[in-house]
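Participant: Generate coordinates for the sequence data below:
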Amino acid sequence: MYSITKKRQVSIPKKIMQILDLKEHSSIEYIIEKDNTVKIINPYTQIQEAKGILKLPKKYQGKDLSEIIELSKQEYFNKKSND
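Facilitator: The predicted model follows:
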């Protein structure tokens, strides 16, 4: 059993830190289930697991995010002005 401090903080045991691959200053996410159990997840791990699920269209491959956003805006507004 673990205690909650006055600041509503709880220490995460070393074993759980290792299992979730958490380091000092890592971010975590809490998920409250219907039965009021709480899951602690490492959102970075979730993102890494999801990586590759969505395929980037060929026209955007090799471009950084800001380029993709700019090209998408141009495409969207060109399409709107032609309608």
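Participant: Can you name the residues that contact residue 32?
Facilitator: Contacts for residue 32 (Cβ atoms under 8 Å, 6 or more residues apart in numbering) come out as residue 38. For the C-beta atoms, the positions are set from N, CA and C on the backbone; glycine is no exception.
Participant: Moving C-terminal from the helix or strand of the chain with the lowest mean pLDDT, which element do we reach first?
Facilitator: In the chain, no helix or strand scores lower on mean pLDDT, DSSP states H and E than helix 43-50, which sits at a mean of 70. With elements assigned by DSSP states H and E, the helix or strand that comes after helix 43-50 is helix 65-82.
Participant: contacts for that following helix?
Facilitator: 59, 60, 63.
Participant: Apply 6 Å and report the result again.
Facilitator: Residues outside helix 65-82 that contact it (Cβ atoms under 6 Å, 6 or more residues apart in numbering): residue 60.
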